[in-house]
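# can't give you the sequence, but here's the structure:
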């Protein structure tokens, strides 16, 4: 009877090795890639929010409307690049720069919207056929035109 049990002794070790290779390694890889994608999404969100706030603030710098728009868009791009430098974690910005739109409402409010998408390379998931993940974020800021006059009594 001792001879009949001997061939089965390595079967458990083989099953553990099989399960760890084909189940545990992809799960760990998914966790690592998921953490990288989450980190990139948070960083992108901060960058578009900062760009929108900076562009809204820059709207009051110039006198003419067209100069204000150009200055606001340039300021927004600069803030975006400062918070999300090119190539951080091997990511690339889709289109090269974030898109920005400035609209004015009836109540003299200007709404600045900055949107950006990035491509994040995955490190473990190419084994399962996923090479990149595209993430998008949008930041929005509102500013109101105001005219102030200071008057003094004689």
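That came through, no problem. Only a predicted model underlies this, so the values are computations on that prediction, with no experimental measurement involved.
# mind listing the helices for this protein?
Per DSSP state H, the chain carries helices over the ranges 2-5, 11-19, 25-58, 65-83.
# can you list those in CSV and add mean neighbour count, mean pLDDT and distance to residue 132?
In this view, the C-beta of every residue, glycine as well, is placed from N, C-alpha and C. Formatted as CSV, these follow (neighbours: other CB atoms under 10 Å; pLDDT from 0 to 100; distance: least, CB to CB, whole Å):
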stretch, mean neighbour count, mean pLDDT, distance to residue 132
helix 2-5, 6, 54, 51
helix 11-19, 10, 81, 29
helix 25-58, 18, 93, 10
helix 65-83, 17, 91, 21
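# so residue 136 touches residue 117, yeah?
Yes - if you go by CB atoms under 8 Å, residue 136 and residue 117 touch, sitting 4.3 Å apart.
# Give the residue from the two that has the larger number of neighbours.
residue 117 (16 against 13; other CB atoms under 10 Å).
# in the chain, which residue is closest to the centre?
residue 44 (2.6 Å; CA atoms, centre = their mean).
# Could you check how far the closest residue to that one other than its chain neighbours is from residue 81?
Residue nearest to residue 44 in three dimensions, not counting chain neighbours: residue 137, with 4.6 Å by CB to CB, 6 or more residues apart in numbering. As for residue 137, its distance to residue 81 is 15 Å (criterion: CB to CB, to the nearest Å).
# cool, residue 37 as well?
Distance from residue 37 to residue 81, by CB to CB: 21 Å.
# what about residue 103, distance to residue 45?
21 Å.
# Now do the contacts for the nearest residue to residue 92 once chain neighbours are set aside.
Nearest residue to residue 92, sequence neighbours excluded (CB to CB, 6+ apart): residue 119, at 5.0 Å. Taking CB atoms under 8 Å, 6 or more residues apart in numbering, we find residue 119 in contact with 91, 92, 94, 132, 133, 134.
# Quick check: the third one touching residue 120?
No - contact status for residue 94 versus residue 120: not in contact, 10.9 Å apart, counting by CB under 8 Å.
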